[in-house]
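Peer 1: build me a structure from this.
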Amino acid sequence: MDERFDELAGLLKELKEENSKLKERVSHLEKENTGLKSKLHDIEMHSRSSNIRIFNLTPQRDDCGFEELADQVYDSVLLPILQGAVRKGRLREVPTKDRLILSAHPLPGRDGKPRPIFCRLLNGYYRTIILQCQKEFGGRSSQPPGPGRCPPPLLFPIYEDSTSELFKFKQKLAAHSAVLAAWISGGVICFKLENSDSIRKVKSIFDSIESILSLP
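Peer 2: Numbers count the residues shown, from 1 in each chain. Here you go, the predicted structure:
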């Protein structure tokens, strides 16, 4: 009886040791997998570094081609912003359409609303200028000022072309009770906490929100 007990105890010890090694291996693989997903996401975001999405712009025709849509995007949306950037000293000169827009096409949208327009620009510098200057020089709707005398909303809001993973994580972070606001800038999620003026950044969207909010 004692020999049988000792045999079972030894077997149990071996199984526990093996289980512990397997847990360590699984933990290592999970960290490795997270690291690979993070690198792939960074590569994809880099490939989007010159892309923008334009909202509320309805193409002149349902079947319009690239040239026609690019003309509309340039004349109605981008040109006023670029002209303002030149006046402000942010640009030396306004680039022509052919030197600014590489591609443009509608994206899938919601029923009853204009489809977002995807636009790939020549480089990320122009994108940065456009995003930074759109609030000052972008066209505004004819609506009266909002509460607190806020300016009317932009006619054609422009956003960075981010991955769905980044956008969903930003939305999830913004919905947290401790977060005042969250937004995407340069492919990075920035946020402010309630009762705080400091701007913090998310290092990885594969970290938990709890761990991100606990970081100094």
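
Peer 1: after the helix-or-strand element of the chain with minimal mean pLDDT, which helix or strand is next? Please name it.
Peer 2: Counting by mean pLDDT, DSSP states H and E, the chain has its least confident helix or strand at helix 2-47, which shows a mean of 85. Using DSSP states H and E, the next helix or strand after helix 2-47 towards the C-terminus is strand 51-54.

Peer 1: please name the strands paired to that next one in the sheet, noting orientation.
Peer 2: In the sheet, strand 51-54 lines up against strand 117-121 (antiparallel), strand 158-160 (antiparallel) (DSSP bridges).

Peer 1: what's the span of stretch 198-210, first residue to last?
Peer 2: 18 Å (CA to CA, to the nearest Å).

Peer 1: contacts for it, please.
Peer 2: 34, 37-38, 41, 165-166, 169, 172-173, 176, 188-193, 212, 215 (CB atoms under 8 Å, 6 or more residues apart in numbering). C-beta here means a position set from N, CA and C on the backbone, and glycine is covered the same way.

Peer 1: ok, of those residues, which come out buried?
Peer 2: Buried members of the contacts of stretch 198-210, scored by 16 or more other CB atoms under 10 Å, are 41, 166, 169, 173, 176, 189-191, 212.

Peer 1: quick one: residue 80 and residue 137 touch, right?
Peer 2: Yes - using CB atoms under 8 Å, residue 80 is in contact with residue 137, at 5.7 Å.

Peer 1: and the pLDDT for the residue nearest to the spatial centre of the chain?
Peer 2: For the chain, the residue nearest the mean C-alpha position is residue 162 (3.6 Å; CA atoms, centre = their mean). As summarised for this prediction, residue 162 has a pLDDT of 91.

Peer 1: excluding chain neighbours, what is closest to it?
Peer 2: Of all residues not flanking residue 162 in the chain, residue 184 sits nearest, at 5.4 Å (CB to CB, 6 or more residues apart in numbering).
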